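J.: let's see this in three dimensions:
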Amino acid sequence: MPIDYEDAQQLLNQEFAAVEEAVLGGQTPRLNDRGTNQRLDVVFASATQAYREVLLGCILAKIQDRDIDVRKPYMAHGKDAFNGRTLDERVVNPFLHEKRVPSSRGPYLSTFRRNVAFVPATRRGLRDKTGYDGLLHILNKVNDADEDGLATLLRDVLARFIELRDAADVRVVHLQRISVEQYDGLIDGLLGTPSGGRFPVILIEAALTAIRERFRLGWEIEVQGINVADRPAGAGGDIMVRSGGSLLLAAEVTERPVERDRVVATFQTKIAEHGIEDYLFFVRNQVGEDVMRQARQYFAQGHEVNFLEMRNWLKTILSTIGRAGRDVFNRVVVERLQASDVPAALKVAWNEQITRITAA
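T.: This is a model prediction of the structure:
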């Protein structure tokens, strides 16, 4: 069966997005096979980028057609061969470059030219023989793997490509002047990108900072780190705004639906404990009536608990603070994304969104 390059591209994009989200959530996919893991370590540590690139192509090819022999990447090798170069040029290599993964111009244009097969005899002409031996071991596993085994191996390999990219220096594209209409697409794209909660916090902080600087307010804006427990740190929320030492408001930025139990827990551990009179939940979706009833009870006790849909709030703020305020917003977002502890996945997602809206 000939390889369907469109299907291969779709599978690669789908699996990469899932693995990227898992890595951001601290759950990196790994094989439960010590020997293969050790060989993968060798292949991904190799200075010969072609090894890992052809490996990815071979896994995709085997998923597409279980009858091929992935050690035969040229059609001249026989009826069970496949066209490794075409698969690489149409799917794998463009994908790696698009995702900012360090990669070559093409493994079949450099290391594996002239109808070579992935067999022991080929190692004679290669510089990194140990890395190639590791590749051969894994390709034998690919040939023998069942559907679940191939899927697990693909996710492990993609996770390693993400780690390679994270170790590299991904430069953040600076955002120049864009229209309010273009901000609609930018905010929708960023909030729709899995980020472990990072994009929403960055965007809300940038908007609050833009308000402060545009209107020369004496605000101090404190931001709690992602995945840092609020209570041990003594914080009342993800973001707190103070003026002259007094707390103006505290905000929790959440991608998850807010339910009544969460509001009660937040009141007990943060709002009441810190004496917060004005507390905001920045949410992705509207909250239920039971949540609003609970908020009204707290209002009667002297505590404001309000819910803002962050997407619309951000767009409203950006449309009212003028160009000078939007310039501050742009600057703060880029500064936060350039921080060394920000995953490369977020930087790549930002760059892709900027390219998309400016191209349009």
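J.: helix or strand right after the worst-scoring helix or strand of the chain on mean pLDDT?
T.: Lowest mean confidence among the helices and strands of the chain (mean pLDDT, DSSP states H and E): helix 230-233, at a mean of 44. Elements were assigned by DSSP states H and E; along the chain past helix 230-233, the next helix or strand is strand 239-243.
J.: which secondary structure elements does the following helix or strand past that following strand contact?
T.: The first helix or strand that comes after strand 239-243 along the chain, using DSSP H and E, is strand 246-253. Counting contacts by 3 or more CB pairs under 8 Å, 6 or more residues apart in numbering; DSSP states H and E, strand 246-253 packs against helix 198-214, strand 239-243, strand 278-283. All C-beta atoms are positioned from the backbone trio N, CA, C, and that covers glycine.
J.: is it possible to get TSV of the ones you listed that adds mean neighbour count and mean pLDDT?
T.: Converted to TSV, the helices and strands packed on strand 246-253 look like this (neighbours: other CB atoms under 10 Å; pLDDT from 0 to 100):
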stretch	mean neighbour count	mean pLDDT
helix 198-214	22	96
strand 239-243	18	93
strand 278-283	22	94
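J.: need these in TSV with distance to Ala18, can you?
T.: Shown next, in TSV, are the helices and strands packed on strand 246-253 (distance: least, CB to CB, whole Å):
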stretch	distance to Ala18
helix 198-214	18
strand 239-243	29
strand 278-283	25
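J.: which of the ones you listed sits closest to Val348?
T.: Nearest of those to Val348, taken as CB to CB: helix 198-214 at 12.5 Å.
J.: what does the following helix or strand past that closest one rub up against?
T.: Once helix 198-214 ends, the next helix or strand along the chain (criterion: DSSP H and E) is strand 219-223. Strand 219-223 is contacted from outside by 201, 205, 208-209, 211-212, 235, 238-243, 248, using CB atoms under 8 Å, 6 or more residues apart in numbering.
J.: pLDDT at the closest residue in space to Asp33 that isn't next to it in sequence, what is it?
T.: Excluding the flanking residues, the one nearest Asp33 by CB to CB, 6 or more residues apart in numbering is Lys141, at 7.9 Å. Note on Lys141: pLDDT of 95.
J.: residues contacting Lys141?
T.: 33, 36, 149, 153.
J.: what is the neighbour count of the first one?
T.: Put plainly, it is Asp33. Neighbours of Asp33 under the rule other CB atoms under 10 Å: 15.
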